[in-house]
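J.: what's the 3D shape of this:
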Amino acid sequence: MQDHTLAVKTQNDWDALVLNNPKPVIVDFYADWCGPCKVLKPKLHKFHEEGQGKWELAVVNVDIEELQQISSTYASQGIPAVYLFHKGKQISTFLGNNEAKAKEMASQAAAL
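T.: Predicted structure coming up:
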């Protein structure tokens, strides 16, 4: 599996790759120490590959100091926290390792 995700490491990355992206973007907030995050991540990558470029997958590590404000805004309820953004607006979200919701979100992103 080749990794074609957008790596969000700074506020500028967030603005450019997520909020200003012309394609829908599914954002996965995770941490390396989070077991459910490790289980969900490959599922999201699989759905991304199946989406054939209709949407982007961005990965945000909540442990990165530069992203504390973004992480506290979007991952304050826990992780994994997954969001769908399109044209700078939050469309939907879910928490936890939920393959059915991840698949539903991927379908929703592909339809935008």
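
J.: drop to CA atoms for contacts and neighbour counts, all remaining ones
T.: Will do.

J.: Grab the nearest non-local neighbour of the residue nearest the centre of the chain.
T.: Per Cα atoms, centre = their mean, the C-alpha nearest to the average position across the chain is that of Val27, at 1.5 Å. Among residues not flanking Val27 along the chain, Ala58 sits closest, at 4.7 Å (Cα to Cα, 6 or more residues apart in numbering).

J.: mind checking the SS state of that neighbour?
T.: Secondary structure state of Ala58, per DSSP: H, G, I helix; E, B strand; the rest coil, is strand.

J.: Surely it touches Val18?
T.: Yes. Between Ala58 and Val18 there is a contact under Cα atoms under 8 Å: 7.4 Å.

J.: Would you mind telling me which of these two has more residues around it?
T.: Using other Cα atoms under 10 Å, the more surrounded residue of Ala58 and Val18 is Val18, with 26 against 21.

J.: What pLDDT is listed against the nearest residue to that one once chain neighbours are set aside?
T.: Leaving aside its sequence neighbours, Val18 sits nearest to Val25 (Cα to Cα, 6+ apart; 6.1 Å). With respect to pLDDT, Val25 has a value of 97.

J.: what's the answer for Ala111, then?
T.: 96.

J.: ok now stretch 42-57, how far from the chain's centre?
T.: 11 Å (Cα atoms, centre = their mean, to the nearest Å).

J.: which residue ranges form the helices in this protein?
T.: 11-13, 35-50, 68-74, 99-111 (DSSP state H).

J.: mind listing what's buried in the shortest one?
T.: Pointing back at helix 11-13 there. By neighbour count with 16 or more other Cα atoms under 10 Å, helix 11-13 contains no buried residues.

J.: mind listing what the closest residue to Val39 other than its chain neighbours touches?
T.: In this structure, Val39 finds its nearest non-sequential neighbour in Asn97, 6.9 Å apart by Cα to Cα, 6+ apart. Residues in contact with Asn97, defined by Cα atoms under 8 Å, 6 or more residues apart in numbering, are 36-37, 39-40, 80.

J.: what touches both of Ala58 and Val18?
T.: By Cα under 8 Å, 6+ apart, the residues touching both Ala58 and Val18 are 25, 27.

J.: still on that earlier bit, among the helices of the chain, which is nearest His4?
T.: Closest approach to His4 among these (Cα to Cα): helix 35-50, 8.5 Å.
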